[in-house]
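*Asks:* okay, here's the prediction I keep looking at, along with the sequence it came from:
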Amino acid sequence: VQLFSGHNTVTFLLIVNNAAQGILSSFFFKFADTILKKYSSTVATIFTGLLSALLFNHQLTINFFIGVSIVFISMHLFFSTKDPKKNVYSDSMHRTSSEALVVAEHDIPGPPRQTPFSLPR
């Protein structure tokens, strides 16, 4: 076919690589938070740089390796840090049932909010 004349296997691999990166990036853009979006684009850039070095004998500089190290260290710190909200024990776990009841009475919100179709009490 005339459309693919002059292209070789490496060209098609690069197209598949870019398509996979686009699909993965769109997944992160739809379902992940901002930090994960930045990490996904950064890892895609690192992956492209490594593929460029393997396929095209591109020389990777010390700046590339310093940048990759910084990214991996920051990813490790981000993903290994525990969320304090998940590790805090509730005070009610350490109270007796009567103390928990008193706390529960204080946690009851004010009067119920009226909706437009509810009758006043």
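*Replies:* Alright, I've got the coordinates. Since we're looking at a predicted model, the values are computed, not measured.
*Asks:* what is the burial count for the nearest residue to Ser25 once chain neighbours are set aside?
*Replies:* Among residues not flanking Ser25 along the chain, Ser40 sits closest, at 5.8 Å (C-beta to C-beta, 6 or more residues apart in numbering). For the C-beta atoms, the positions are set from N, CA and C on the backbone; glycine is no exception. Ser40 has 18 neighbours, counted by other C-beta atoms under 10 Å.
*Asks:* CA atoms of the helix or strand hosting Ser40 as CSV?
*Replies:* According to DSSP states H and E, Ser40 maps onto helix 34-56. Only the C-alpha atoms of helix 34-56 are listed here, as CSV (Å, rounded to 0.1, in the frame of the first residue of the first chain):
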residue,chain,number,x,y,z
THR,A,34,-3.7,15.6,39.6
ILE,A,35,-0.6,14.1,41.1
LEU,A,36,-1.1,10.8,39.3
LYS,A,37,-1.6,12.6,36.0
LYS,A,38,1.7,14.3,36.4
TYR,A,39,3.5,11.1,37.3
SER,A,40,1.9,9.3,34.3
SER,A,41,3.1,11.9,31.9
THR,A,42,6.6,11.9,33.5
VAL,A,43,6.9,8.1,33.3
ALA,A,44,5.7,8.2,29.7
THR,A,45,8.5,10.7,28.9
ILE,A,46,11.1,8.5,30.7
PHE,A,47,9.9,5.5,28.8
THR,A,48,10.1,7.3,25.5
GLY,A,49,13.7,8.5,26.4
LEU,A,50,14.7,4.9,27.2
LEU,A,51,13.2,3.6,24.0
SER,A,52,15.0,6.3,22.1
ALA,A,53,18.3,5.2,23.6
LEU,A,54,17.6,1.6,22.8
LEU,A,55,16.2,2.0,19.2
PHE,A,56,18.2,5.0,17.9
